[in-house]
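**Q** everything below, folded, please.
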Amino acid sequence: MLSTELSDRLANLELSDWLLLIVAPFIGSFLGVLIRRLPESRPIGWTRSTCDACGATLSAVELLPLVSWLWLGGRCRHCGHLLGWFYPGIELGAAAVAAISIIVDGAAQAWLDCLLGWWLLTLAWIDLRHWVLPDLLTLPLLILGLVAAAAWDPNGLADRAAAVALGYIALRGIAWAYRRLRRREGLGEGDAKLFGAAGAWLGTAALPQVVLLAALAALAAAAGAGLAGIRLRTHSALPFGPFLAVAIWVIWLFGPMPV
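**A** Numbering: from 1, shown residues only. Predicted coordinates for the structure are as follows:
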């Protein structure tokens, strides 16, 4: 049944769906620049892209998402430096967000799904690389959630605003309790702000499920690391932002479980 519905959806893609799939890798390329430069306070929009190894300015052909990386064999055309998987990885991630959005919601809501998904993908990747969730991304995401609520669900705006405060205060409270009990930091303020943004997009009823799903995802990641031979000790830590991001987007797409 599910496979039939999926095949029907793919067979009836609209022009806007194809446009979204084509644009997605280019969005992913920009997200890669954002992920690398924003935490280091480097300029994002007004400088030419260069090779990290030799500093050569890259042409437009060398910046085509996925295509240029495959064409050049994953190496810089000027110095032969191995470029790695970061940019094709984020470009594929952005394309996956678009494909999932189209399959789940179709053209009607896919663009909004993608906006949230790409934003969360960026925050998750920055947290994985730098252990920080920048205010320049979390706070606009929070405001955008309230704007979306005002536009599409004005009757629920009060609940969304209350969820922002509840989400932030709840995670700050958990962080304070953890610090008192364990004498070390467990959750950062960026996690609390992201949870507040979750409230803006999802409302108060979804917040417990976001925390639960994020915690389960973190436990699964820790178990996977153990199976891969990575030993996690008492003082080992994982950034919580990526798991929050996954939980927020999953519940946004499929809705909270009925209780």
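
**Q** contacting residues around Leu121?
**A** Residues near Leu121 by C-beta atoms under 8 Å, 6 or more residues apart in numbering: 31, 90, 93-94, 97, 245. Every residue, glycine included, has its C-beta placed from N, CA and C.

**Q** typo on my end, it should be Leu63
**A** Under the criterion of C-beta under 8 Å, 6+ apart, the neighbours of Leu63 are 29, 49.

**Q** repeat that for 10 Å
**A** Counting by C-beta atoms under 10 Å, 6 or more residues apart in numbering, Leu63 makes contact with 26, 29, 33, 48-49, 69, 87.

**Q** list buried residues within these.
**A** Among the contacts of Leu63, the ones that count as buried by 16 or more other C-beta atoms under 10 Å are 26, 29, 33, 49, 69, 87.

**Q** now for the residues you listed: which two are most distant?
**A** Val33 and Trp69 (14.6 Å; C-beta to C-beta).

**Q** from the contacts of Leu121, which land in helices?
**A** Among the contacts of Leu121, the ones falling in helices (DSSP state H) are 31, 90, 93-94, 97, 245.

**Q** nearest to Val164 among those residues?
**A** Comparing those against Val164 with C-beta to C-beta places Ala245 closest, at 16.8 Å.

**Q** ranking helices and strands of the chain by mean pLDDT, which lands last?
**A** Averaged element by element with mean pLDDT, DSSP states H and E, the chain has its least confident helix or strand at helix 2-11 (a mean of 58).

**Q** from His81, how far off is the residue nearest the centre of the chain?
**A** Nearest to the mean C-alpha position of the chain, counting by C-alpha atoms, centre = their mean, stands Leu121 at 1.8 Å. Taking C-beta to C-beta, to the nearest Å as the measure, Leu121 and His81 are separated by 26 Å.

**Q** for Leu187, same thing?
**A** Look at Leu187 and His81: by C-beta to C-beta, they are 38 Å apart.

**Q** comparing these two, which residue is more hemmed in?
**A** Between Leu187 and His81, Leu187 has the larger neighbour count (other C-beta atoms under 10 Å), namely 21 against 15.

**Q** give me every residue that touches that one.
**A** Residues near Leu187 by C-beta under 10 Å, 6+ apart: 171-179, 195, 239-241, 244.

**Q** same thing with Ser49?
**A** By C-beta under 10 Å, 6+ apart, the neighbours of Ser49 are 29, 32-33, 56-60, 62-63, 87.

**Q** please redo it, this time with the cut-off set to 6 Å
**A** 58, 63 (C-beta atoms under 6 Å, 6 or more residues apart in numbering).

**Q** for it, grab phi and psi.
**A** Phi and psi for Ser49, reported as degrees, to the nearest 10, are phi -70, psi 140.

**Q** look up how far Glu91 lies from it.
**A** From Ser49 over to Glu91 the distance is 14 Å, taken as C-beta to C-beta.

**Q** first vs last residue of stretch 47-65, how far apart are they?
**A** 18 Å (C-alpha to C-alpha, to the nearest Å).

**Q** buried set for that stretch?
**A** 49, 51, 62-65.

**Q** widest-spaced pair of those?
**A** Every pair of the buried residues of stretch 47-65 checked by C-beta to C-beta; the farthest is Cys51 and Pro65, at 16.7 Å.

**Q** just send the buried residues of stretch 47-65 back as a markdown table, with distance to Trp131 and pLDDT too.
**A** Formatted as a markdown table, the buried residues of stretch 47-65 follow (distance: C-beta to C-beta, whole Å; pLDDT from 0 to 100):
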| residue | distance to Trp131 | pLDDT |
| --- | --- | --- |
| Ser49 | 25 | 77 |
| Cys51 | 27 | 75 |
| Glu62 | 31 | 77 |
| Leu63 | 29 | 79 |
| Leu64 | 32 | 85 |
| Pro65 | 27 | 88 |
